[in-house]
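[1] For reference, the sequence and a predicted model appear below.
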Amino acid sequence: MAVRAMFPPGSRAIDFSQPPGEAALLSSDSLSWRIFKNPVSVLIGGITAVILELAEPAVRTGVWEHSSFRKDPLRRLQRTGLAAMMTVYGPRRTAESMIAGVVRRHERIAGTTPDGVAYHASDPELLDWVQATATFGFVTAYSRYASPLSEQEISQAFAEGAQTSRLYGAVNAPASADQWELLLERMLDRLEPSPIILEFLDIMRSRALLPRPLRSLQGLFVRGAVELVPPQIREHIGLKEKYVLRLGDVSLLRLLCAAADNTVLPSSPPAQACRRMGLPEDHLYGR
């Protein structure tokens, strides 16, 4: 029941098992199919990704001024979670249609940062950063807390992420771990601390985002997410001494992620997508 509650409600309203035989954007044997089946590590990695996104001033302004995050963070998280599930597990035509809608919305978002710098949500450089931080967050959370990934597997996950990122307009998103490190080095001087980052973390920690029995875990997930932010950035944006992991936190995170990684839910997007492809529901589990 707890693991089921972690999947975005929107994804449960869509039948990922239809139409039979229609492939997804990524192969059912891809590493992404294995990683995204774990709703706990996806949530933690998603928080990490948003921290990194909000550290970039243009992305931060666009997200904070043109989304419902402050007013309705739960709905925003649900939409983001549904987009992730559809990108990885959805039938190709449905996924491409959804992504095209996201691209159209981005084309209408533009403005100026508080420092007077113009930005546009469809700027390929900003899209590269957003897509790269998403891949980094999801992959690192899975590897750290669910099941360790080799360096080769991490690079493979970045390559798979770059493949789908191009549909969003991120034409130069890193396709390997080495390319991610180079992007991180180039971006470091552009990243900065902001009260908005702390506000975001407070929202994730204190708002009623999960079902009542799971809300006590939100602070744990936030601490686990902050821990995944590269140390040089964590210090640079002022999180080095905040949200530190407590005694026993890592063990509990690994226990929760391991449970999620081995729980087959017939109603979940990954299990439904496996059925669509003529595979057993447990195709992604116990590997």
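    Structure received.
[2] CA atoms for contacts and neighbours, from now on please.
    Will do.
[3] could you pull out the helices for the stretch 51-200 of the chain?
    Secondary structure of the stretch 51-200 of the chain, counting by DSSP state H, counting those that start in this stretch: helices at 57-65, 73-89, 92-107, 124-141, 151-168, 177-187, 195-206.
[4] Can you name every helix or strand that the shortest one contacts?
    Counting contacts by 3 or more Cα pairs under 8 Å, 6 or more residues apart in numbering; DSSP states H and E, helix 57-65 packs against helix 39-54, strand 110-112, helix 124-141.
[5] between the ones you listed, which gets nearest to Ala24?
    helix 124-141 (17.8 Å; Cα to Cα).
[6] which ones are touching the residue nearest the centre of the chain?
    Most central residue of the chain, judged by C-alpha distance to the mean C-alpha position with Cα atoms, centre = their mean, is Gly46 at 3.4 Å. Under the criterion of Cα atoms under 8 Å, 6 or more residues apart in numbering, the neighbours of Gly46 are 134, 137-138.
[7] Recalculate using a threshold of 6 Å.
    Gly137 (Cα atoms under 6 Å, 6 or more residues apart in numbering).
[8] what separates it from Leu52, distance-wise?
    From Gly46 across to Leu52, the span is 10 Å (Cα to Cα, to the nearest Å).
[9] any chance of the helices and strands packed on helix 57-65 in TSV, plus mean pLDDT and distance to Ser194?
    Converted to TSV, the helices and strands packed on helix 57-65 look like this (pLDDT from 0 to 100; distance: least, Cα to Cα, whole Å):
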stretch	mean pLDDT	distance to Ser194
helix 39-54	95	8
strand 110-112	93	16
helix 124-141	97	17
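[10] Let's have the ones you listed in JSON lines, adding distance to Ala100.
    Output for the helices and strands packed on helix 57-65, formatted as JSON lines (distance: least, Cα to Cα, whole Å):
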{"stretch": "helix 39-54", "distance to Ala100": "21"}
{"stretch": "strand 110-112", "distance to Ala100": "18"}
{"stretch": "helix 124-141", "distance to Ala100": "14"}
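[11] highest average neighbour count across the ones you listed?
    For those, the stretch with the most neighbours on average is helix 39-54, a mean of 26; neighbours defined as mean count of other Cα atoms under 10 Å.
[12] Could you check the angle that one makes with helix 124-141?
    150 degrees (axes from the mean of the first three to the mean of the last three Cα atoms, to 10 degrees).
[13] now the angle between helix 73-89 and helix 39-54, please.
    Regarding helix 39-54 and helix 73-89, their directions subtend 110 degrees when assessed with the same axes, to 10 degrees.
[14] how far out from the middle of the chain is helix 39-54?
    What separates the centre of helix 39-54 from the centre of its chain is 5 Å, taken as Cα atoms, centre = their mean, to the nearest Å.
[15] Check stretch 121-139 too.
    Averaged C-alpha coordinates place stretch 121-139 at 10 Å from its chain's average position (Cα atoms, centre = their mean).
[16] Name the surrounding residues that touch that stretch.
    42, 45-46, 48-49, 106-107, 109, 170, 173.
[17] Using CSV, list the CA coordinates for that stretch.
    Coordinates of the C-alpha atoms in stretch 121-139 are reproduced here as CSV (Å, rounded to 0.1, in the frame of the first residue of the first chain):
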residue,chain,number,x,y,z
ALA,A,121,12.0,28.5,-21.2
SER,A,122,12.8,27.1,-24.7
ASP,A,123,16.4,28.2,-24.5
PRO,A,124,18.3,25.0,-25.4
GLU,A,125,21.1,25.7,-22.9
LEU,A,126,18.5,26.0,-20.0
LEU,A,127,16.7,22.8,-21.3
ASP,A,128,20.1,21.0,-21.3
TRP,A,129,20.6,21.9,-17.6
VAL,A,130,17.0,20.9,-16.6
GLN,A,131,17.2,17.5,-18.4
ALA,A,132,20.7,16.8,-17.2
THR,A,133,19.9,17.5,-13.5
ALA,A,134,16.8,15.3,-13.8
THR,A,135,18.9,12.4,-15.1
PHE,A,136,21.5,13.0,-12.5
GLY,A,137,19.0,13.1,-9.7
PHE,A,138,17.0,9.9,-10.7
VAL,A,139,20.2,7.9,-11.5
